[in-house]
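Enquirer: below are the sequence and a predicted model; questions follow.
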Amino acid sequence: MEVVIVPDAKAGGELIAEGIAGLLRRKPDALLGVATGSTPLPIYDALISQVRSGAVDASRARIAQLDEYVGLPAGHPESYRSTVLRQVVQPLGLPESSFMGPDGSAEDVQAACEAYDRQLAEAGGVDLQILGIGTDGHIGFNEPYSSLASRTRIKTLTEQTRIDNARFFDNDIEQVPHHVITQGIGTILEARHLVLLATGEGKAEAVAQTVEGPVAAIVPASALQLHPHATVVVDEAAAAKLKHADYFRHTYANKPAWQGI
Ligand SMILES: N[C@@H]1[C@@H](O)[C@H](O)[C@@H](COP(=O)(O)O)O[C@@H]1O
């Protein structure tokens with residue numbers, strides 16, 4: 001696992017967008033896994049700027065959703081499908097057909113989950129998966145104690161996550177669904193490159209446990225330690241509880257120039 005400490009969220013977004021641009025130059029039809037939440041927005045802003053300036057061609061990129069609420073009416077502005085369309089797919093000028101995600105309104109949710117895992121595999125697998133992290137260490141919507149081998153499935157949100165996400169629902173926790181579909185941790189680990197961005201002091205404890213703690217289901221993001229190519233990008237505030245911050249800074253500062261993230 002590589003840990004990169006950047007000055008702020010904007011720098012983190014630019015670094016990751018540069019990595020995505022490099023991927024798209026090597027593989028124009030790369031399948032990019034995207035996360036929702038506030039944290040990845042600087043990545044999308046930087047990538048959209050690169051595309052608009054002509055620095056990178058994303059016209060053949062494909063986009064895959066990480067997770068979804070269950071039971072929101074189709075087209076609900078806070079469904080993750082609507083969110084990814086608004087924040088990533090449309091600004092990149094991509095057709096909706098380039099975008100895949102689990103069906104949160106399916107009658108048979110389990111079948112929809114299994115169908116999504118198959119769809120990801122048939123698409124050749126995710127090339128680069130962007131991840132955020134919950135304050136409790138969740139990735140996607142894999143809450144603490146999720147199986148580290150889990151596949152895409154329905155999950156029940158913790159009260160903390162519903163509180164954290166109420167800001168997207170008029171600060172009314174009653175509007176936040178209890179159930180979600182999320183790529184499982186086993187599914188996420190199949191992506192070729194995992195890139196987790198964490199910013200702000202509220203993520204410092206989760207980051208320290210993810211990076212320096214044991215691999216444990218209580219901290220789902222710690223499963224990144226099992227991945228052969230995982231990059232954790234943190235700003236100074238989110239790095240505040242890392243005991244080995246100096247080591248990570250030293251290693252990154254001395255990284256060969258030709259190696260991207
Ligand atoms: N399912 C999403 C996660 O993918 C995201 O990482 C997390 C943190 O969001 P934020 O980046 O807004 O803190 O929120 C939700 O739970």
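Expert: That came through, no problem. Keep in mind the model is a prediction, meaning the values are calculated, not measured. Residues are numbered from 1 along each chain as shown.

Enquirer: pull the longest helix from this protein.
Expert: With secondary structure taken from DSSP state H, the chain has its longest helix at helix 9-26.

Enquirer: and residue 134, how far from residue 51?
Expert: As judged by CB to CB, to the nearest Å, residue 134 and residue 51 stand 29 Å apart. (Glycine included, C-beta is placed from N, CA and C.)

Enquirer: okay, these two: which has more neighbours?
Expert: Using other CB atoms under 10 Å as the criterion, residue 134 and residue 51 rank with residue 134 on top: 25 against 21.

Enquirer: that one is in what secondary structure piece?
Expert: Assigning secondary structure by DSSP states H and E places residue 134 outside every helix and strand.

Enquirer: how about the backbone phi and psi for it?
Expert: With angles defined as degrees, to the nearest 10, residue 134 sits at phi -80, psi 160.

Enquirer: now do the closest residue to it other than its chain neighbours, the pLDDT please.
Expert: Once flanking residues are discounted, residue 134 sits nearest to residue 161: 5.8 Å by CB to CB, 6 or more residues apart in numbering. In the predicted model, residue 161 carries a pLDDT score of 92.

Enquirer: same check on residue 256?
Expert: According to the per-residue confidence, residue 256 scores 87 in pLDDT.

Enquirer: burial count for it?
Expert: As a burial measure, residue 256 scores 5 neighbours (other CB under 10 Å).

Enquirer: excluding sequence neighbours, find me the nearest residue to residue 165.
Expert: The shortest distance from residue 165 to any residue other than its chain neighbours is 5.3 Å, reached at residue 176 (CB to CB, 6+ apart).

Enquirer: distance of that neighbour from residue 164?
Expert: Computed as CB to CB, the residue 176 to residue 164 distance reads 9 Å.

Enquirer: what's the answer for residue 7, then?
Expert: Per CB to CB, residue 7 is found 25 Å from residue 164.

Enquirer: of these two, which one has the most company?
Expert: residue 164 (19 against 9).

Enquirer: what sits closest to the more buried one if chain neighbours are left out?
Expert: Nearest residue to residue 164 in three dimensions, chain neighbours excluded: residue 135, at 6.2 Å (CB to CB, 6+ apart).
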